[in-house]
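J.: please work out how this folds:
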Amino acid sequence: NGNRNADIGTTTAGAELWSFVAPEFFPKIKRVRDNTTTISFPGHTTGTPTPLPKDYGVDGAVTAYKGATSASIFTTMRRGGRAIYGFDVPDSNPKNPSLLWKIGCPNASNDTGCTSGFTGLGQTWSAPKVIKASGYDSGNTPVLIMGGGYDTCQDADPNTACSSSSKGNKVYLLNASTGALLKTFTTDSSVIADITVVTDSATAPVKYAYVADLGGNVYRISGATANTPIGATVPDNWTMTKIAAFGGTGIENRKFMFAPDWIEDSGTYTLLLGSGDREKPLSTYSSAAAVENRFYVLQDKPSDTNWLTSENANCGANVLCNNSLVAITTSATPTASALAAKKGWYLALTSKEQVVTNAITVFNTVTFSTHQPTPPVSGSCTTLGTARVYNLDYFNGATKVGFVRGETIAGGGLPPSPVAGMVTLDNGKTVPFIIGANPKSALEGSEPPAPPSATRPKSRVYWNIKK
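T.: From the prediction side, this is the model:
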């Protein structure tokens with residue numbers, strides 16, 4: 001019961017209404033209860049009994065959608081499995097949920113028993129996003145959009161075992177009520193990030209969606225053609241176009257683990273995201289540490305049919321590439337003329353530094369955090385590494401007044417992603433906030449930097465679907 005002080009039936013505020021244990025976790029309960037088998041990790045792989053990898057249950061994101069008479073809850077499993085569960089929780093009796101559907105694969109290592117159409121599903125890391133599309137049931141039935149998931153080939157150092165047949169290189173569209181598969185897109189690499197959805201500010205239905213994969217690529221999902229909004233197009237006719245390629249092999253083996261943030265300005269969409277491998281934060285991962293990671297700010301203009309083809313001379317393909325952007329490699333801020341000649345910018349990070357959170361843009365300030373491993377020192381406890389928070393002008397990468405570029409976060413470690421929104425205080429006043437922008441603590445909340453003027457592009461404080 002998430003109320004502050006109101007009961008739900010006999011369940012008091014803060015108390016448990018119900019719980020769910022996925023059957024995939026049933027065989028693992030005994031090990032947890034016995035508490036005799038230790039967890040294996042680098043430097044601790046032998047002993048009696050033999051250490052084993054950690055067991056996972058429902059370890060992924062949970063999303064929800066509030067309908068007219070009930071709420072729908074969608075759960076992913078992350079390293080716990082290759083399945084997605086949908087539940088219905090009626091308003092009249094929230095203590096009595098029911099299973100709407102389950103899709104996916106029961107086995108981590110093979111495709112036996114997979115739901116039809118989902119043999120390409122990996123570990124379900126991407127949170128299902130609920131969208132309304134007027135081309136599907138007139139927008140009455142919500143649609144889920146999600147990435148195809150994680151393939152454990154990515155755990156290898158380096159991940160040379162990954163190929164086009166690896167799991168998760170998909171984007172799935174589902175009927176949120178039944179779990180029925182509506183459309184599948186194929187990407188170059190696994191998609192574990194959430195899908196970024198661009199909605200019409202006036203009518204709410206989706207206009208475009210943006211996808212980032214573990215190969216350093218970015219895609220746009222559009223309507224019947226690459227340059228038209230989704231609008232009333234039926235999902236089966238939606239199209240996907242690769243708009244950017246920033247990754248490769250070796251030092252360019254950049255991975256996008258987090259969805260891009262977005263800002264709209266007169267039909268041009270600015271996407272903001274950083275590369276890194278949060279699953280390999282230690283300096284012992286030699287290949288991950290060798291990657292030259294970056295924070296990217298790229299522009300996309302779907303209505304311009306020449307936007308991508310004009311980059312062929314720079315990139316050898318109709319996509320944005322590193323040459324399409326202004327490179328920020330020093331403390332200097334790019335000039336307006338340099339920015340005008342390119343389609344965005346990227347900030348080069350220091351050696352072994354990687355972006356380990358999503359980015360969030362409030363007014364014209366983009367905030368994200370990074371991690372840099374610290375080499376172990378003989379005879380002392382290993383540190384948690386250096387964590388940094390960046391608060392930059394999204395337009396040119398300039399450091400905001402009162403901040404420094406890449407300010408060290410007290411305590412180090414892997415910071416959580418920043419969040420922002422509006423909160424109503426006990427005195428009734430509603431104020432904006434951001435958590436994760438303050439170097440004193442990755443968990444400390446504060447007011448976001450004030451906007452420079454009353455005129456600015458559309459930027460989101462938070463986004464939510466209302467029926």
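
J.: low-scoring stretches of the stretch 1-150 of the chain, by residue?
T.: For the stretch 1-150 of the chain, no stretch has pLDDT under 70.

J.: what about the helices in it?
T.: 29-34 (DSSP state H, counting those that start in this stretch).

J.: what of the stretch 201-350 of the chain?
T.: 286-290, 312-315, 336-340.

J.: got the buried residues for the first one?
T.: Residues 287-289 are the ones in helix 286-290 that count as buried (16 or more other CB atoms under 10 Å). Just so you know, the C-beta spots here come from the backbone N, C-alpha and C atoms, and that holds for glycine as well.

J.: which residues are contacting it?
T.: 157-159, 250-251, 253, 277, 280, 283, 352, 354, 373 (CB atoms under 8 Å, 6 or more residues apart in numbering).

J.: in ChimeraX, select just the buried ones from those residues.
T.: Filtering the contacts of helix 286-290 down to the buried ones (16+ other CB under 10 Å) takes a single ChimeraX command:
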select :159,253,277,280,283,352,354,373
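
J.: which of the contacts of helix 286-290 sits closest to Val297?
T.: Taking CB to CB as the measure, Val297 lies nearest Gln354 of the contacts of helix 286-290, at 17.0 Å.

J.: can you list the buried residues of helix 286-290 in TSV and add distance to Ser126 and pLDDT?
T.: Listed next are the buried residues of helix 286-290 as TSV, based on distance: CB to CB, whole Å; pLDDT from 0 to 100:
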residue	distance to Ser126	pLDDT
Ser287	24	89
Ala288	21	89
Ala289	26	90
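
J.: of these, closest to Trp238?
T.: Nearest to Trp238 among the buried residues of helix 286-290, with distances taken as CB to CB, is Ala288, at 34.1 Å.

J.: distance check, Leu17 against Asn1.
T.: Separation of Leu17 from Asn1 (CB to CB, to the nearest Å): 6 Å.

J.: overlap in contacts of the two?
T.: Common neighbours of Leu17 and Asn1 (CB under 8 Å, 6+ apart) are 8, 11.

J.: before we move on, back to that, dump the helices of the stretch 201-350 of the chain to CSV, plus distance to Thr50.
T.: Conversion of the helices of the stretch 201-350 of the chain to CSV gives the following (distance: least, CB to CB, whole Å):
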stretch, distance to Thr50
helix 286-290, 26
helix 312-315, 50
helix 336-340, 57
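
J.: comparing those helices by mean pLDDT, which bottoms out?
T.: Here the lowest mean pLDDT among these goes to helix 286-290, at a mean of 90.

J.: could you export that one as PDB, CA atoms only?
T.: This file holds the C-alpha atoms of helix 286-290, laid out as PDB (Å, rounded to 0.1, in the frame of the first residue of the first chain):
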ATOM      1  CA  SER A 286      41.000  -5.100 -20.100                       C
ATOM      2  CA  SER A 287      38.900  -4.800 -23.300                       C
ATOM      3  CA  ALA A 288      36.200  -2.700 -21.600                       C
ATOM      4  CA  ALA A 289      38.800  -0.400 -20.100                       C
ATOM      5  CA  ALA A 290      40.400   0.100 -23.500                       C
END
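
J.: and it, how far out from the chain's middle?
T.: 22 Å (CA atoms, centre = their mean, to the nearest Å).

J.: for Ile251, which non-adjacent residue is closest in space?
T.: Excluding the flanking residues, the one nearest Ile251 by CB to CB, 6 or more residues apart in numbering is Glu292, at 4.8 Å.

J.: give me every residue that touches the one you found.
T.: Here Glu292 is in contact with 251-252, 254, 348-349 (criterion: CB under 8 Å, 6+ apart).

J.: just give me the closest of those to Ala336.
T.: The closest of the contacts of Glu292, once distances to Ala336 are taken by CB to CB, is Ala348, at 20.5 Å.

J.: quick one, what contacts the closest one?
T.: Here Ala348 is in contact with 292, 294, 327-329 (criterion: CB under 8 Å, 6+ apart).

J.: now with 10 Å, please.
T.: 292-295, 327-330 (CB atoms under 10 Å, 6 or more residues apart in numbering).

J.: distance check, the nearest residue to Asn5 once chain neighbours are set aside against Gly421.
T.: Nearest residue to Asn5 in three dimensions, chain neighbours excluded: Ala13, at 5.2 Å (CB to CB, 6+ apart). Look at Ala13 and Gly421: by CB to CB, they are 22 Å apart.

J.: returning to what we had before: among the helices of the stretch 201-350 of the chain, which comes closest to Val211?
T.: So among those, helix 312-315 is nearest, using CB to CB, at 18.8 Å.

J.: now the phi/psi pair for Leu173, please.
T.: Dihedral pair for Leu173: phi -110, psi 130, per degrees, to the nearest 10.

J.: pLDDT value on Gly411, please?
T.: pLDDT at Gly411 comes out at 89.

J.: one step back: identify the farthest-apart pair in the contacts of Glu292.
T.: Glu252 and Leu349 (13.4 Å).

J.: what residues are shared contacts of those two?
T.: Common neighbours of Glu252 and Leu349 (CB under 10 Å, 6+ apart) are 275, 291-294.

J.: just checking, Glu407 touches Leu392?
T.: No. Assessed by CB atoms under 10 Å, Glu407 is found out of contact with Leu392, at 11.2 Å.

J.: who has more neighbours, those two?
T.: Ranked by neighbour count (other CB atoms under 10 Å), Glu407 and Leu392 place Leu392 first, with 27 against 17.

J.: what helix or strand is that one on?
T.: Leu392 is located in strand 386-393, with elements delineated by DSSP states H and E.

J.: state the number of residues packed around Ser310.
T.: 13.

J.: any idea how far Lys301 is from it?
T.: 11 Å.

J.: spell out which residues are contacts of both of those two.
T.: With CB under 10 Å, 6+ apart, Ser310 and Lys301 have common neighbours Lys343.

J.: how about the nearest residue to Asn237, chain neighbours excluded?
T.: Nearest one to Asn237, counting by CB to CB, 6+ apart, is Ala224 at 4.9 Å.

J.: no, scratch that, I was asking about Val423
T.: Phe433 (5.4 Å).

J.: what's the answer for Ala64, then?
T.: What sits nearest to Ala64 in space, not counting adjacent residues and going by CB to CB, 6+ apart, is Ile73, at 5.1 Å.

J.: wait, the one you found sits on Ile84?
T.: No. If you go by CB under 10 Å, Ile73 and Ile84 don't touch, sitting 11.0 Å apart.

J.: and those two? Which one has more around it.
T.: For Ile73 versus Ile84, neighbours defined as other CB under 10 Å are more numerous around Ile84 (27 against 17).

J.: wait, what's in contact with that one?
T.: 60, 74-77, 101-104, 115, 118, 121, 124, 126-128, 144, 146, 149, 172, 174, 179.
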